[in-house]
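> okay, sequence plus prediction incoming.
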Amino acid sequence: MPVFEKSFMQHTKLSLTAKHFIPAGVIMVLSFLLFSSIGYPALNSDNAITVLMTYSFNLPHDWYFWGQDRMGSLIPLMGHPLVLMGLSPLLAESIAHYLLLIIGYIAFASLFKSWQYKSVLALFWFFPPTHMIDITQLSFGVHYSLIGACCYIINLKTNTNMRISTFGDFLLTIAWILIALLAVWVSELALFSLLLLVLFYFYLYVSQKSIYGILSNKDLYLYPIGGFVCFIIIQSLKSTTGIAINYSHLVTMTQLKQEFIILFQSISELLSIDKREPVTGLYLILAAVVCLLFLFSRTQSSNNHSKSKWIFYFTADALLLFAVIMASAWTLENNVPRRYFTCTYISLGMAGLLFAEYRSMRNNKIIFPLVLMTLLAGAIGTVYNLKFVWPGTLQPKAELVAELDTLGNVGLIGDYWNSYIYLVADPENKIATPHQDNKVRNPEMTEAVFKQKRIFIIKDGWLDSFPDTLMQFGRCLRKKGLPLHLADCYLNEYIVESMASDVSGSIPEQHTGD
């Protein structure tokens, strides 16, 4: 065990140099201030649900995000103890979220040798281009942070320069299985990356051992057993939601063609330099130049077999995830959104940066400046878009919605995108729900809205004007007073005038997110 601990510390030390953490640390802090929930100007109701669950986390109800049987609520689970310690839900969620992103970054950084590429990896990870910003916002970054931790463990286990005791190797395997369980809980898409990683591991192991050594390796039996146990646990957790949605339907060839048409149209929109997004256009041009440079660069035999194998893994992972996403009918049902390809983007980015570092180490001095310029253009483009395109300000959304605090304890009803988001600054004293024809993620909150002393309707994105009366969830609401404009929305107070004779069943079933 002492030998393992010493080797582990020596290996970890590679990614903890001062040169590395000065630029990377600055990037992390700036990213936290701009993209975490406390500072993000484009925070929306999807983000808000994570904050609200961090505040009121309760098992077994909250194993998954409200109204879903997928996307495990790891961030609320980690953030809720911070709320109990006295932090605001907004800050607690931000800390938990970024702690996971930092863990993922450190794990991926361990695959690089130079401090320069560890630093540009921080730029890639914490300041993604505007159309891949979900790396820092939704489950994609968290999911891949856990994949990164699994890659880190495999890298330790296959490092021939390290001496790991039998017990130490056993602990690493158990840790890998537990982290893999978390990854699949957070996103079932992680299953494909993990299966590929196990095959990758055994391929590396086979290349180093005899047949007897392979058959006597406990991992050959621990991984399948661990996988079976994880499957039972995930199915058990999903059963607590009362929701059962089949995401395994495959597209037909006609539908696949339709998906590619939508995807190419989406890509062409990005490639056409929009006057509103000039910096994004520059990023795309530079990214294309880098790709062409990689494509036409002379291939040379590599003495760094470990790096070349990781390049192969991430490239294969990107292709596999792209194929899985395109094969799913769920993708077409949601009109092939670009965010579904965030994981493909991450894997391709990792493969590209590893390859760029290898080429730079082969005395190709043009690679690093070009990669740095590309990633800087993507990062600056994201900030530019927030400031000048949408939402047109760098003011934190949480700070803006806090203007509703002047209303006191109220219930809010509005469009989905103008409901939960207005609770993030004060979830203790305000309750909100989408209107009855919209996505209601938590019916319990709908009932709680009508228990508030005052109820306000938010018309933005829903109503053209405030009607004198409005039927919602079996209640007749009558307008009271004049409209207000607060927190960048128009709202008006309503009072419950009467209730339908049969309210049961009037609250719609929970809707799942995209």
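Arrived safely, thanks for sending.
> tell me the mean pLDDT over stretch 44-62?
Stretch 44-62 shows a mean pLDDT of 96.
> in it, what counts as buried?
Using 16 or more other CB atoms under 10 Å as the test for burial, stretch 44-62 gives 44-57, 62. To be clear about C-beta, it is placed using only N, CA and C from the backbone, and glycine gets the same treatment.
> check stretch 245-257 too.
Quick answer for stretch 245-257 (16+ other CB under 10 Å): 251, 255-256.
> got a list of contacts for that stretch?
With CB atoms under 8 Å, 6 or more residues apart in numbering as the contact definition, stretch 245-257 has outside contacts at 69-70, 188, 259, 326-332, 512.
> how about a cut-off of 6 Å?
For stretch 245-257, contacts defined as CB atoms under 6 Å, 6 or more residues apart in numbering pick out 69, 327, 329-330, 332.
> distance from that stretch to the middle of the chain?
How far stretch 245-257 lies from its chain's middle: 24 Å, per CA atoms, centre = their mean, to the nearest Å.
> endpoints of stretch 107-118, how far apart?
Start to finish, the residues bounding stretch 107-118 are 11 Å apart (CA to CA, to the nearest Å).
> next up, the contacts around the residue lying closest to Leu282 once chain neighbours are set aside.
Take Leu282 and drop its neighbours on the chain: the residue closest to it by CB to CB, 6 or more residues apart in numbering is Ala377, 4.8 Å away. The neighbourhood of Ala377, defined by CB under 6 Å, 6+ apart, consists of 282-283, 286.
> and Arg478, how close does it get to Ala318?
Between Arg478 and Ala318 the computed distance is 56 Å (CB to CB, to the nearest Å).
> again with Ala379
With CB to CB as the criterion, Ala379 and Ala318 are 21 Å apart.
> likewise His131?
Taking CB to CB, one finds His131 at 17 Å from Ala318.
> hmm, back to that, which one of the contacts of Ala377 is nearest to Gln116?
Leu286 (17.4 Å; CB to CB).
> what number of residues lie near that closest one?
18 (other CB atoms under 10 Å).
> tell me which element it falls in.
When elements are assigned from DSSP states H and E, Leu286 belongs to helix 278-296.
> which elements pack onto that helix?
Helices and strands touching helix 278-296, by 3 or more CB pairs under 6 Å, 6 or more residues apart in numbering; DSSP states H and E, are helix 367-388.
> try 10 Å
helix 253-271, helix 342-361, helix 367-388 (3 or more CB pairs under 10 Å, 6 or more residues apart in numbering; DSSP states H and E).
> I'd like those helices as CSV, with mean pLDDT and distance to Thr158 appended.
Formatted as CSV, the helices and strands packed on helix 278-296 follow (pLDDT from 0 to 100; distance: least, CB to CB, whole Å):
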stretch, mean pLDDT, distance to Thr158
helix 253-271, 88, 35
helix 342-361, 91, 16
helix 367-388, 94, 27
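> the stretch 151-300 of the chain: helices as residue ranges?
166-186, 190-206, 211-215, 219-239, 253-271, 278-296 (DSSP state H, counting those that start in this stretch).
> lowest average pLDDT across those helices?
Averaging pLDDT over each of these puts helix 211-215 lowest, since it has a mean of 61.
> which residue ranges of the stretch 351-500 of the chain form strands?
410-414, 430-434, 454-458, 469-472, 475-486, 489-499 (DSSP state E, counting those that start in this stretch).
> of those, which is nearest Ala175?
That would be strand 430-434 among these, by CB to CB, at 40.1 Å.
> strand partners (parallel or antiparallel) of the closest one?
Each strand paired with strand 430-434, and its direction, by DSSP bridges: strand 410-414 (parallel).
> please save the CA atoms from the partner strand in PDB.
Extracted in PDB, the C-alpha atoms of strand 410-414 (Å, rounded to 0.1, in the frame of the first residue of the first chain):
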ATOM      1  CA  VAL A 410     -46.100  35.000  -3.700                       C
ATOM      2  CA  GLY A 411     -47.100  32.300  -6.100                       C
ATOM      3  CA  LEU A 412     -46.300  32.600  -9.800                       C
ATOM      4  CA  ILE A 413     -47.800  31.000 -12.900                       C
ATOM      5  CA  GLY A 414     -46.300  31.500 -16.300                       C
END
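> how distant is stretch 409-426 from the center of its chain?
Distance of stretch 409-426 from the chain centroid (CA atoms, centre = their mean) equals 23 Å.
> quick one: buried residues of that stretch?
Applying 16+ other CB under 10 Å to stretch 409-426 flags 410-426 as buried.
> equivalent analysis for stretch 346-362, please.
346-361.
> ok, stretch 166-174 next?
So stretch 166-174, judged by 16+ other CB under 10 Å, has buried residues 168, 172-173.
> same deal with stretch 142-155?
142-155.
> what does the pLDDT read for the closest residue to Trp176 other than its chain neighbours?
Nearest non-adjacent residue to Trp176, counting by CB to CB, 6+ apart: Ile153, 4.6 Å away. pLDDT recorded at Ile153 is 95.
> how many neighbours does Asp464 have?
Considering only other CB under 10 Å, Asp464 is surrounded by 6 other residues.
> can you list phi and psi of it for me?
Dihedral angles of Asp464 (phi, psi; degrees, to the nearest 10) stand at phi -80, psi -30.
> do the same with Asn335
The phi/psi pair for Asn335 (degrees, to the nearest 10) is phi 60, psi 40.
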